[in-house]
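In: need a 3D model of the following:
(2 chains)
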Amino acid sequence: MDPERSSLFRAFEILTLQGGFNATVVLVGTTLLGIAAGVIGAFVLLRQRSLTADALSHATLPGIGIAFLAATAMGLDGRSLPILLIGASISGVAGVACIQLITTYTRLREDAAIGIVLSTFFGAGVVVLSLVQTSERGAAAGLNGLIYGQAATMVPRDALLLGGIALTAMIAAGLLLKELALVAFNDAFAEVDGWPVQTIDAGLLALVVLVTVAGLQAVGLILVVALLIVPPVAARFWTERLWRMVALSGVMGGLSGYLGATISAVLPSMPAGAVIVLTSGVVFAISFLFAPRRGVIAAAVRRAELRLRIAGDHLLEAAHDIERDGRGDMPPASIDLLAKRRGWSVWLRPLVIWSIQLRGLATTTHGSIRLTDTGRTEGRRISRNHALWTQYLISYADIAPTHVDWSVDQVEHVLAGDLVDELERALESRGVTVPGGATA
Amino acid sequence: MSTFITVDLLPLLVGTLAAVSCGLLGNFLVLRRISLMGDAISHAVLPGLAFAFLLTGLRSPLLMLAGAAASGVATVVLVELVKRLGRVEPGAAMGVVFSVLFALGVILIERAARNVDLDAECVLYGDLDAISLYWTDPGLGVSSLLAMPRQLWTLLITLSVVIVFVWVMFKELRIVSFDPALATAQGFNAPFVHYLLMVLVAAATVASFEAVGSILVIAMLICPAATARLLTDRLASQLWVSVGIAVVSGVGGYFAATQLPHAFGMRSVNAAGSIAVVGGLLLAIAMLFAPTHGIFARKLRRRRLAMTVAADDLVGALYRLSETGEPRSTREELAAMLPGRLVTRAIDRASAAGHIELEGDAVSLTNAGLDAGAQLVRRHRLWESYLVTEAGLGPDHVHDTAEQLEHFGITPTGGGVDPHGRPIPTAPEQQN
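Out: The predicted model follows:
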């Protein structure tokens, strides 16, 4: 079997949970972690605390080192994971408290506070780790593993722990959906309405600490925050509803963990944490580009369509006006003039004419444009909208006749039927008549 | 050859140069509230560096700086793209971009690790403690100094460029930092200054990378500037102060790491981490003790103001007694009249100012106190009439506001009686 095929086969084995006991444990563990982080991260994102979570995860390092030193001094096994994770939680929370202190008591802003806490706590952690390394007992390898993560060392108990945390996160999110949503969207209102905003925030912080600490072993403290940030941001592109976003974010986080763990198992030289984060980055890139409504491509297509539509409207309007003034169909020279005046690029012009023809609004003969009946109606409608809005601005908004044209050009395309009726009534009541009405 | 020159001189220089280069630029990040752009860039230069290593397999300073500049600009552009096109909150946009780029960098470095002596540990801690090993000919002679390793030269060049940048662009940087809209309106190219700043931040980050790694460099970028921001209100002095603090944290951090543990019979700890910690400690000290913006200074100021107000109110209360009877009272009665104030301290203060006389438990107003009380009550009642006649408040709603305004120098004009029908004492000039 050639190596290419065998690694694909191995990937398939792992993905279908047939990759052997260890690989399956790691896969299940990281998937559950991804789900938990995605669900909690959604609320962190909406509460705009993404980078606070970053500071928190960096700030766990000194706690890990100190917990190790303290435990060994007390004669316990310093490498015991629960002890290290307790230390990590304490110093992580202390870091967040410091951010709070700095922003409350000094003129420094949150951005500086986050940067300060993140880097100085990490520096303290580095110092403590170097103490651990030079101390007699040594054996700091286990601690370094928590920085970049070492998913491969996961045992069933760890996967169970991650499963418990994922379950806790999901239950908490389900129970507190209303409270978290309220605080995330309008904390001032929540406060006035008598909700315990600080307690809810503290609850969210506790969940973030839980996920961060759980992720230390698998992804490492530098990259664990990516699991809290990236999937929710990606999920945000697909939906406008909160619970869907939370669920989707959990699914995307889980998927990143699932695929990332598989890839790193097939390519063992790749650190699992980084691969998982990179996978989530790919999920993000796909969402960023291809999401149906908020995605970049969809937005670009929408903008291009609108542009084409507006340009077509202008063409129809001009053709209608020429026809109305008794000069027959629109000659090429006028199209040139129109294109120049509207700033159409060379390739927009044929596109505009093509789209007008496609919609059956005009035909071309020898380069000049002749409106069809529907095209004529459409041109009249736009031309009338233009005139109506111009009159409205002049008589109601007191804008000088020389100044209305630009804004009219924008509005004439979006005037809907009932708005037009209303305009007609309003202008009629002022005794202003606009030429080219429905009967004209 | 003393061990100072062979062992300590080089890391000391490298650490301090890195701290100063980053610290100078950090001022503009902190002022513009984009400190976390420094965070993002320092994480995101990693893939750029790794690419440069993978492509060429050697560490040429020029190539490194070019890669750094490219990834710095790329980070800024990517964050901007995610923020604008994706309508993502700025913090989250940064988080997405730099964490994914950092992950990419870690993977690239793991792959590159076989070819070059660069590893994931170095990314975190830097290599400051081992840097002396690269100095083949330690000493103070010209040839020895010229033989100092590449890291030092890179930092020297970076620092010079940073100084020139800040010097030449000072005016632009200042206006862009404080009012980017005004800068654009006046014809400064604010985006150009912004991107140039980002390129230099990336360059300083990369030049410092080998000394302190990519996370601790954030401390060098932000801490000195943040500390200086608490100590001064002028940009030029903030720059100087931040340089001083950067030097102190560089030198202090290095010695704290190498000398302090020996005092306790331990071996040296990581110097790069220690520089970050000292930077944080200096900031904490400034937070507490800074002359105007420190927590203690503000507490003291507030306390002094509270004392002044309490002493004023004491004299005012005694003056009000004089309107119906004698301006004397007892400590207990005054304490009951001024609930929640520092009455004992206020009595001490007013008596030190010569406004009151103490006889055992009795407190009475002196002539000077009578004048001072008259002025206070005058201000109070003038403010009350002003609030009723000019601001249209009801007479029963003006007391609390007047109670606060009476302690400030400005007074509305007027006279006669206040809205409650009490006489307004005359001004001192009119008394004579």
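In: how far away is residue B:6 from residue B:133?
Out: 11 Å (CB to CB, to the nearest Å). Glycine gets a C-beta too; all of them are placed from N, C-alpha and C.
In: more crowded one of the two?
Out: residue B:6 (13 against 10; other CB atoms under 10 Å in any protein chain shown).
In: give me the nearest residue to that one, chain neighbours excluded.
Out: Among residues not flanking residue B:6 along the chain, residue B:138 sits closest, at 4.4 Å (CB to CB, 6 or more residues apart in numbering or on different chains).
In: on the three-state scheme, that neighbour is what?
Out: With DSSP: H, G, I helix; E, B strand; the rest coil as the basis, residue B:138 sits in coil.
In: contact partners for it?
Out: Counting by CB atoms under 8 Å, 6 or more residues apart in numbering or on different chains, residue B:138 makes contact with B:1, B:5, B:6, B:9, B:10, B:132, B:144.
In: wait, doesn't the third one sit right on residue B:132?
Out: It stands for residue B:6. Yes: counting by CB atoms under 8 Å, residue B:6 does reach residue B:132; the two are 6.8 Å apart.
In: state the next helix or strand along the chain beyond the lengthiest helix in chain A.
Out: When chain A is parsed with DSSP state H, its longest helix is helix A:296-324. Next helix or strand after helix A:296-324 toward the C-terminus (DSSP states H and E): helix A:332-342.
In: point out where the stretch 251-400 of chain B drops to low pLDDT.
Out: B:340-341 (pLDDT under 70).
In: give me the pLDDT value at residue A:310.
Out: Per-residue pLDDT puts residue A:310 at 87.
In: the longest helix of chain A to helix A:332-342, inter-axis angle?
Out: 130 degrees (axes from the mean of the first three to the mean of the last three CA atoms, to 10 degrees).
In: starting at the chain centroid, how far to helix A:296-324?
Out: Counting by CA atoms, centre = their mean, to the nearest Å, helix A:296-324 is centred 30 Å from the centre of its parent chain.
In: for that helix, packing partners?
Out: helix A:272-290, helix A:332-342, helix A:348-358, strand A:362-365, strand A:368-371, helix A:373-395 (3 or more CB pairs under 8 Å, 6 or more residues apart in numbering or on different chains; DSSP states H and E).
In: let me know the angle separating it from helix A:348-358.
Out: Computed by the same axes, to 10 degrees, the angle separating helix A:296-324 from helix A:348-358 equals 70 degrees.
In: center of chain A - which residue?
Out: residue A:233 (3.2 Å; CA atoms, centre = their mean).
In: work out for me the element that one sits within.
Out: With DSSP H and E as the test, residue A:233 turns up in helix A:224-236.
In: right, is the next helix-or-strand element following that helix up against chain B?
Out: Remark: after helix A:224-236, the chain's next helix or strand is helix A:242-266, criterion DSSP H and E. No: applying CB under 8 Å from any CB of the partner chain, one finds helix A:242-266 separated from chain B by no less than 9.5 Å.
In: pLDDT of helix A:242-266, averaged?
Out: 92.
In: tell me the residue furthest from the middle of chain A?
Out: residue A:326 (54.1 Å).
In: in which helix or strand would I find residue B:299?
Out: helix B:295-324.
In: distance of the residue nearest to the centre of chain A from chain B?
Out: 5 Å (CB to the nearest CB, to the nearest Å).
In: how about residue B:381, nearest residue that isn't a chain neighbour?
Out: In this structure, residue B:381 finds its nearest non-sequential neighbour in residue B:418, 3.6 Å apart by CB to CB, 6+ apart.
In: just give me the neighbour total for that neighbour.
Out: 22.
In: could you check how far it is from residue B:182?
Out: From residue B:418 to residue B:182 the distance is 46 Å (CB to CB).
In: over to residue B:67?
Out: Plainly put, residue B:67 is 35 Å away from residue B:182 if you go by CB to CB.
In: try residue B:41
Out: 26 Å.
In: where does chain A dip in pLDDT?
Out: In chain A (pLDDT under 70), the answer is A:1-5, A:135-142, A:406-407, A:434-440.
In: what is the burial count for residue B:191?
Out: Residue B:191, neighbours per other CB under 10 Å, totals 11.
In: ditto for residue B:415
Out: 14.
In: next, the angle from the helix ranked longest in chain B to helix B:295-324.
Out: Using DSSP H, we find that the single longest helix of chain B is helix B:190-231. For helix B:190-231 against helix B:295-324, the angle by the same axes, to 10 degrees is 70 degrees.
In: tell me how far helix B:190-231 lies from the chain's centre.
Out: Per CA atoms, centre = their mean, the centroid offset for helix B:190-231 relative to its chain is 15 Å.
In: kindly report the same for stretch A:323-334.
Out: 49 Å.
In: what distance do you get for the residue of the stretch 301-432 of chain B found nearest chain A to residue A:146?
Out: Closest to chain A within the stretch 301-432 of chain B is residue B:302: 12.5 Å, counting by CB to the nearest CB. Counting by CB to CB, the separation of residue B:302 from residue A:146 is 44 Å.
In: between the two, tell me which one has more neighbours.
Out: Neighbour totals were compared for residue B:302 and residue A:146, and residue A:146 leads with 27 against 10 (other CB under 10 Å).
In: wait, doesn't the residue nearest to residue B:381 sit right on residue B:385?
Out: Yes: under the criterion of CB under 8 Å, residue B:418 makes contact with residue B:385 at 5.4 Å.
In: ok, residue B:105 - contacts?
Out: So residue B:105 contacts B:43, B:44, B:45, B:46, B:47, B:48, B:49, B:50, B:123 (CB under 8 Å, 6+ apart).
In: can you classify the last one as helix, strand or coil?
Out: So that's residue B:123. Assignment for residue B:123 (three-state DSSP): helix.
In: list the contacts for it?
Out: B:46, B:105, B:106, B:109, B:213, B:214, B:215.
In: which element is the second one on?
Out: What that stands for is residue B:105. helix B:90-112.
In: tell me the buried residues in that helix?
Out: B:90-110, B:112 (16 or more other CB atoms under 10 Å in any protein chain shown).
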